[in-house]
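structure for the following, please:
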Amino acid sequence: AAAASPPAPADGAEGSDAAVPAPDAPAAPAAPETPATAVSVDGFLCRWLREHQREGVQFLFDCCMGLRDFDGMGCILADDMGLGKTIMALAGGVAVRAYIEARLGRQAKPALVIAPNAAVAAQWRLEALGMLEEREIWSHSGEKFGQALHKRFSRPAGEDEDEDEAMRPRLVIVTRSQLQTEMSHAFRSQREAGGYKPSPLAPHLLQKTVLALQQKYNHANVKGGKKGGGKSAATGEDRMYVREDHKDGDDSTPSGGVLAIWREAQKRFTRAQHIYSIVLIDEVHELKNPHTLATMLAVAAGLHAPRVISISGTGYNNHLQDMATLHLLIDPSWSYADLHFWKDMMESPDKVIGRQAIEAQRARAEGRAVPQPLSLRRIEEKQAADKEAWERDVLTRRTKDSCGIKLPPKKHVVYELAYKPLELGMSVTLSLTLAALARRGHSVRVALLQTIAGGGGEGSGGGGGEGS
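Numbering: from 1, shown residues only. You can find the predicted model right below:
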């Protein structure tokens, strides 16, 4: 899966950090032409990639390296389930690293994978072992994740950051629950004697930003209830989406305040603070709520990398805020990260006109310039143009039918089990044993086998049966 060479990186910067010059920028003084860098994915891997997967890898590389016509460094991989999003994302990350290392002549910074749970994280590790060695992958599936993380990545003050390349991991895999734990520790450290301690996953996140995020987090819990989903009995509000005042439109923008916090934090980040070459967020739709701990630390980790890829086959669930948060994780400065963009693009023109009237009234009351309202026809044209640009530049979405993949029909077999008292007790004991093994970091897989003729006799106590 070969890719065209992007602009050469600046001295000391990774390749994709270099911005593409604007078309109308003045011509730079003549300089020696930089030779093109051939970027390719390992031939062994390419041997097994299907055509749609090769196209997907090319799309990811172009978006991450600034070769497409939009202002951003990242994209959304939203292919249908079963089309190989994991292997495409890994191959795209390998291509990005290959370019960086070819241009800089040294090992690139590690890639970060955020998986939804331990089972998916194990699958990412298994897939990555086909491209990397065991020592080049870091993950922690047992207890005391925080201690293991700090021991591996935290450095004493003044220690040389130029770690031996042979000892540095090339891929770091964490789960959503681990992000939640780390962000909770960052919140709690502000009240402890030692003072604020950022997570090693986002070491350059300032305490000022964390304080503002904690206020939004507490506000969300107070308005929506401490735990659970659905409607709050006291207020009748949806707990997932907390209403906040927002000056740039109506008062129903859930992430208005959080978005402003992240945009302000992003302005203070520099290339020198990038500790990842790329961040891959799997099943990103599970981070749809901008007020959760896991989502907050995921956004912070994205600020520590020049490029982010979001992966999900079901990005939109039940609220336009889902789409806004999905793009917030990639780049807070995007217009796509603002809920108002999605309302203006997806809602009916009549609703857009109504919000224009509300904004005009608010502008007059505050003594600001009244924005020029758009006509119904202009709104429809703008919605079509924005949607086309978004689907062309930021999103890749293929289905099995569009890729010409025909899978056999899925078969469901239901087995009815009648437990006896002794069997029920054994089942509970087995469940507790397996849970204890899982907590100690063991990989547990349970398979239900159908008893074949001649096995075990009646009940599960027969032992010795061929299929029992």
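
for the closest residue in space to Pro116 that isn't next to it in sequence, give its distance to Val258.
Once flanking residues are discounted, Pro116 sits nearest to Glu283: 4.2 Å by CB to CB, 6 or more residues apart in numbering. All C-beta atoms are positioned from the backbone trio N, CA, C, and that covers glycine. Taking CB to CB, to the nearest Å as the measure, Glu283 falls 21 Å from Val258.

of these two, which one has the most company?
Val258 (27 against 19; other CB atoms under 10 Å).

list the contacts for the more buried one?
213, 216, 290-291, 328 (CB atoms under 8 Å, 6 or more residues apart in numbering).

can you give me the strands for the stretch 1-150 of the chain?
74-77, 111-115, 137-138 (DSSP state E, counting those that start in this stretch).

dump those to a markdown table, plus mean pLDDT, mean neighbour count and distance to Pro373.
Shown next, in a markdown table, are the strands of the stretch 1-150 of the chain (pLDDT from 0 to 100; neighbours: other CB atoms under 10 Å; distance: least, CB to CB, whole Å):
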| stretch | mean pLDDT | mean neighbour count | distance to Pro373 |
| --- | --- | --- | --- |
| strand 74-77 | 87 | 26 | 31 |
| strand 111-115 | 92 | 27 | 41 |
| strand 137-138 | 88 | 18 | 54 |
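
and those strands as a markdown table, adding distance to Ser277?
Below are these laid out as a markdown table (distance: least, CB to CB, whole Å):
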| stretch | distance to Ser277 |
| --- | --- |
| strand 74-77 | 13 |
| strand 111-115 | 6 |
| strand 137-138 | 14 |
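
out of those strands, flag the one nearest Asp62.
strand 74-77 (8.5 Å; CB to CB).

quick one: residues in contact with the closest one.
By CB under 8 Å, 6+ apart, the surrounding residues in contact with strand 74-77 are 56, 59-60, 63-64, 85, 88-89, 284, 307-312, 315, 326-327, 330-331, 394-396.

tell me which of those residues fall in helices.
56, 59-60, 63-64, 85, 88-89, 326-327 (DSSP state H).

make CSV from these and add pLDDT, distance to Phe153 and neighbour count to it.
Shown next, in CSV, are the ones in helices among the contacts of strand 74-77 (pLDDT from 0 to 100; distance: CB to CB, whole Å; neighbours: other CB atoms under 10 Å):
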residue, pLDDT, distance to Phe153, neighbour count
Gly56, 86, 31, 26
Phe59, 86, 31, 18
Leu60, 87, 26, 28
Cys63, 83, 28, 25
Cys64, 82, 23, 29
Lys85, 87, 27, 23
Met88, 87, 27, 27
Ala89, 87, 22, 25
Leu326, 87, 27, 23
His327, 88, 28, 25
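
looking at those, spot the one nearest Arg47.
Closest to Arg47 out of those is Met88 (15.0 Å), distances taken as CB to CB.

with adjacent residues omitted, what lies nearest to the closest one?
Nearest residue to Met88, sequence neighbours excluded (CB to CB, 6+ apart): Gly56, at 4.2 Å.
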